[in-house]
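Asks: fold the following.
(2 chains)
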Protein chains: 2
Amino acid sequence: MKVVIAGAGFGGMRLARKLNNKPGFDVLLLDKYNYHQFQPLFYQVATAGLDASNISFPLRKVFQKSRNVRIRMAEIREIKPDQKVLVTDQESISYDVLVLATGADTNFFGNAGVERYAFPMKSTTEALQLRYRILRNFEQALTVKDADELQNLMNIVVVGAGPTGVELSGALAEMKHYVLPKDYPELDFSKMQIFLLEGTGKTLGAMSEQSAARSRKYLDKLGVTVRTNSLLKDYDGKTVSLQDGTTIPSSTVIWAAGIKGNVPVGIDISLIARGNRIRVDEYCRVSGYNNNMYALGDLAYLEEPAYPNGHPQVAPVAIQMADLIAENLKREVRGKTPLVFRYRNKGSMATVGRNLAVVDVPKPKLHLGGFLAWLTWMTLHLMLILGVKNRFFVFCNWLYNYFTYDQNLRLIFREFDKPDKTHSS
Amino acid sequence: MKVVIAGAGFGGMRLARKLNNKPGFDVLLLDKYNYHQFQPLFYQVATAGLDASNISFPLRKVFQKSRNVRIRMAEIREIKPDQKVLVTDQESISYDVLVLATGADTNFFGNAGVERYAFPMKSTTEALQLRYRILRNFEQALTVKDADELQNLMNIVVVGAGPTGVELSGALAEMKHYVLPKDYPELDFSKMQIFLLEGTGKTLGAMSEQSAARSRKYLDKLGVTVRTNSLLKDYDGKTVSLQDGTTIPSSTVIWAAGIKGNVPVGIDISLIARGNRIRVDEYCRVSGYNNNMYALGDLAYLEEPAYPNGHPQVAPVAIQMADLIAENLKREVRGKTPLVFRYRNKGSMATVGRNLAVVDVPKPKLHLGGFLAWLTWMTLHLMLILGVKNRFFVFCNWLYNYFTYDQNLRLIFREFDKPDKTHSS
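Replies: Numbering: from 1, shown residues only, chains lettered A, B, ... in the order given. Next up, the predicted model:
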């Protein structure tokens, strides 16, 4: 059975590993990058705490010894379900079973200004671009005479107080306290403001009351200016306009306020549910394609009794769906009946700053905060990172950052004055 | 005395550190990047053995605690010696003393085809671009049907058998043997050829007879196709044409065959010596600017008795010139007579592959090769790298690469489908 997996995120990678060297399966894992991205730590790459390579793992290395998993670095152009063909920018690939694991990308909700000027945070390279921008702003700030222009360069606005927005603004606040003043003694960082805008009434609204409240307390403690119930109206690259008429001057806006599923061309429009996710049945199958197409993770929309409005778009859902699909594909080969998907929520967590994190565990019902939650967060994320070497380097970087109060990867690796040769021939 | 240092390479960095916290000096260190680049290891970044961050050190971190050294990330536009002003893309900077440490860049000798299509290796970002190209070539090779096109993607041509060319082609040969076949089992790497073209009759011609001969032996051993006495005529992005009429198909050419000094606009043309270097007197002063302008390192051309045609363009010369300039500036402040520059050659070395390196020591006259030379090379380079953390990470990477026969930083961090936002506002 030729299984084509589109996307090497948490779900696609997990599925490929579950089918690795399993008789009866010929697997092709496809991604537009040649590495697996560890999304939960993008914000630490953006704030110069970690190296991009620390949270990226070459796909080919994972399956170097595999007898049945092949890798393709390509972008999907179109799916032709009737021909069972996946068209990419490199080649056309035929499949017996197609698993869509393309995840979700930033949703700007059609706001052209935001899409043009704000920074998304949904890929390692986007995190790097944000890092470069932040560092370059302060280099520029040194030579700026105009006070408004200076304020504009020093302000940072984060939109969306989900885990990404909270973790990023917390990390930026710590940069402001511990790192930037040492780097730029000529600048007055009491002027620097970090805003966190949230449309609802709470930060980390998806977590428990206790954790939401704690995260707000931690953000205040770190000096982040949190504005709940405030919606962004527009952004022109210089000024953020809010629905309530107020404005915030800032040349750097990070948009973490929404995602939408990456639905490939060729999927029947009637299958798209809210959040641009693909509706799947209880076996994670995309209906109407004689059961040879699956979708999982952020891209999949499945209503189960406990989750009538679909599942949270988090890694554990993608991983558990991958496990189910792997199991059901094996059952299919053996002619056994498939299992039904039921999400087991093992809990959720987020970190705001050093010694400041929140953890929710459903059963036994538990809400951790502070240092203990922070240790839990670090340990778990270390375990989840792919590769012993990456784990070791992340651990070293964290130790270093913790004890030196420093993130010393403040490097701007952009070529400013040379043409990019990667497309020249 | 306000000393402006243009360039934070080996020379500029050394000088800034020598003047750091020295009374009577107000130092401004200027570079177009915000980090110091450790040039000797560019080739390991290009071949995915090291992380770019491992050999890059943030300038601001070096001088975080400095009372008199400030940093500017800017590009030089023009020097106005009569006004004692340095014009940059950010601001105009006045100086009492200007030290030109802008080093050298790739010299394509006016060959438009080479300049357009060949990869230079004179910056960390150029090394990264080369890494991305090499990896992407093999991704493409997987889907290529045409045999010639395949050969074109798999061949790599390195031009210039100086240390950079030799070390790079050696590292590429090891990638071919140890890494790439594991990553791309679908490709036949016996087809992959690595050419090293050299215009003279020897590899590492600047070193001793013994070392030159050894390096050639090592390159042959690693399977590099070395062609001495062969000059490149032209390159169109697909085919390398040699002077002797032969051609080599290759989509990847690395140009390490020449450098030229980065002479800023505003320097009297009559002061330019061969290699586009600035002629300086025995005190490293640029003559004709009432002794307030210095040049050092790759950029400086100084004829001393032992070096009638100028010094080799290597780090030790830049470092020793920086030491002399620092000493003479202090003497100037104290009203003492300046010292004359005399280069003390402590030797030279190059590494071709694992356990394969060559070391020349002038006195006691000594020519090491093989494992011992390789250990010497590694130890010395580890010591030269700036920063304990970088040193530690490079060491870990080397240990890892040595024992696993693997370089696992095979990551392509280019954004393919998103606009670069770093210039959008």
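
Asks: just the helices in the stretch 301-425 of chain A please.
Replies: Per DSSP state H, counting those that start in this stretch, the stretch 301-425 of chain A carries helices over the ranges A:315-333, A:370-384, A:388-404.

Asks: so which of those comes closest to chain B?
Replies: Closest approach to chain B among the helices of the stretch 301-425 of chain A (C-beta to the nearest C-beta): helix A:388-404, 5.9 Å. Using the backbone N, CA and C atoms, a C-beta is placed for each residue, glycine as well.

Asks: and the closest one, what other elements does it pack with?
Replies: Helix A:388-404 sits against helix A:370-384, helix B:388-404, with contacts defined as 3 or more C-beta pairs under 8 Å, 6 or more residues apart in numbering or on different chains; DSSP states H and E.

Asks: would you list every one of the helices in chain A?
Replies: Along chain A, the segments classed as helices by DSSP state H run A:10-19, A:42-46, A:59-62, A:112-117, A:124-141, A:147-154, A:163-174, A:180-183, A:209-222, A:315-333, A:370-384, A:388-404.

Asks: who touches the longest one?
Replies: It refers to helix A:315-333. Outside helix A:315-333, the residues that touch it by C-beta atoms under 8 Å, 6 or more residues apart in numbering or on different chains are A:1, A:3, A:9-12, A:14-15, A:18-19, A:22, A:24-25, A:39-40, A:97, A:99, A:101, A:103, A:283-284, A:294, A:296-298, A:300, A:311, A:337-339, A:341, A:343-346, A:384.

Asks: now, of these, which are buried?
Replies: Among these, those scoring as buried are A:1, A:3, A:9-12, A:14-15, A:18-19, A:22, A:25, A:39-40, A:97, A:99, A:101, A:103, A:283-284, A:294, A:296-298, A:300, A:311, A:338, A:341, A:343, A:345 (criterion: 16 or more other C-beta atoms under 10 Å in any protein chain shown).

Asks: quick revisit: contacting chain B as well, which ones from the contacts of helix A:315-333?
Replies: Among the contacts of helix A:315-333, no residue is within reach of chain B (C-beta under 8 Å from any C-beta of the partner chain).

Asks: is A:Leu380 in contact with A:Ala350, as I believe?
Replies: No: with contact defined as C-beta atoms under 8 Å, A:Leu380 and A:Ala350 do not form a contacting pair (11.7 Å).

Asks: show me which of these two is the more surrounded one.
Replies: A:Ala350 (27 against 13; other C-beta atoms under 10 Å in any protein chain shown).

Asks: find the nearest non-adjacent residue to that one, please.
Replies: Closest residue in space to A:Ala350, ignoring its immediate chain neighbours: A:Pro163 at 4.4 Å, by C-beta to C-beta, 6 or more residues apart in numbering or on different chains.

Asks: do the same with A:Tyr289
Replies: A:Pro81 (4.9 Å).

Asks: how deep is the one you found tucked in, by neighbour count?
Replies: 18.

Asks: go on, A:Lys191?
Replies: 13.

Asks: for it, which non-adjacent residue is closest in space?
Replies: Using C-beta to C-beta, 6+ apart and skipping residues adjacent in sequence, the residue nearest A:Lys191 is A:Met154, 5.4 Å away.

Asks: cool, and A:Ile93?
Replies: Per C-beta to C-beta, 6+ apart, closest to A:Ile93 is A:Leu86, 4.6 Å.

Asks: tell me the contacts of that neighbour?
Replies: A:4, A:6, A:30, A:76, A:78-80, A:92-95, A:98.

Asks: circling back: with mean pLDDT and distance to B:Ala147 as extra columns, can I get the helices of the stretch 301-425 of chain A in a markdown table?
Replies: Output for these, formatted as a markdown table (pLDDT from 0 to 100; distance: least, C-beta to C-beta, whole Å):
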| stretch | mean pLDDT | distance to B:Ala147 |
| --- | --- | --- |
| helix A:315-333 | 97 | 37 |
| helix A:370-384 | 93 | 44 |
| helix A:388-404 | 86 | 37 |
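
Asks: return the most buried member of those.
Replies: Across the helices of the stretch 301-425 of chain A, the average number of neighbours (mean count of other C-beta atoms under 10 Å in any protein chain shown) peaks for helix A:315-333, which reaches a mean of 21.

Asks: and that one, how far out from the chain's middle?
Replies: 21 Å (C-alpha atoms, centre = their mean, to the nearest Å).

Asks: write out the residues of the stretch 151-300 of chain A neighbouring chain B.
Replies: A:182-184, A:186, A:237-238, A:251.

Asks: so which of those belong to strands?
Replies: If you go by DSSP state E, those have nothing in strands.

Asks: could you turn the buried ones of these into a ChimeraX selection?
Replies: Applied in ChimeraX, the following selects the buried portion of these according to 16+ other C-beta under 10 Å:
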select /A:183,184,237,251
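
Asks: can you tell me which two in the residues of the stretch 151-300 of chain A next to chain B are farthest apart?
Replies: Comparing all pairs in those by C-beta to C-beta, the longest separation belongs to A:Lys182 and A:Gly237, at 29.2 Å.

Asks: relative to helix B:388-404, how tilted is the one helix or strand in chain A whose mean pLDDT sits lowest?
Replies: Lowest mean confidence among the helices and strands of chain A (mean pLDDT, DSSP states H and E): helix A:388-404, at a mean of 86. Inter-element angle recorded for helix A:388-404 and helix B:388-404: 170 degrees (by axes from the mean of the first three to the mean of the last three C-alpha atoms, to 10 degrees).

Asks: and helix A:388-404, how far out from the chain middle?
Replies: The answer for helix A:388-404 is 21 Å, by C-alpha atoms, centre = their mean.

Asks: which residues of the stretch 151-300 of chain A fall in strands?
Replies: Using DSSP state E, counting those that start in this stretch, the strands of the stretch 151-300 of chain A run over residues A:156-159, A:194-197, A:225-227, A:232-235, A:239-242, A:247-249, A:252-255, A:259-261, A:272-273, A:277-279, A:293-295, A:300-301.

Asks: what mean pLDDT does the third one have?
Replies: Here the mean pLDDT over strand A:225-227 is 98, rounded to a whole number.

Asks: for it, which strands pair with it and how are they oriented?
Replies: strand A:194-197 (parallel) (DSSP bridges).

Asks: so what would you say the end-to-end distance of stretch A:181-191 is?
Replies: 11 Å (C-alpha to C-alpha, to the nearest Å).

Asks: for stretch A:28-44, C-alpha coordinates in CSV please.
Replies: Extracted C-alpha coordinates of stretch A:28-44, given in CSV (Å, rounded to 0.1, in the frame of the first residue of the first chain):
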residue,chain,number,x,y,z
LEU,A,28,6.5,8.9,1.0
LEU,A,29,6.8,11.8,3.4
LEU,A,30,6.5,15.2,1.7
ASP,A,31,7.2,18.6,3.1
LYS,A,32,8.2,22.0,1.7
TYR,A,33,11.1,22.2,4.1
ASN,A,34,13.7,19.5,4.5
TYR,A,35,13.4,19.5,8.3
HIS,A,36,10.8,18.9,11.0
GLN,A,37,9.9,22.1,12.9
PHE,A,38,9.4,22.1,16.6
GLN,A,39,6.8,24.8,16.7
PRO,A,40,6.4,25.2,20.5
LEU,A,41,9.9,26.9,20.6
PHE,A,42,9.6,29.2,17.7
TYR,A,43,9.3,32.1,20.1
GLN,A,44,12.7,31.3,21.6
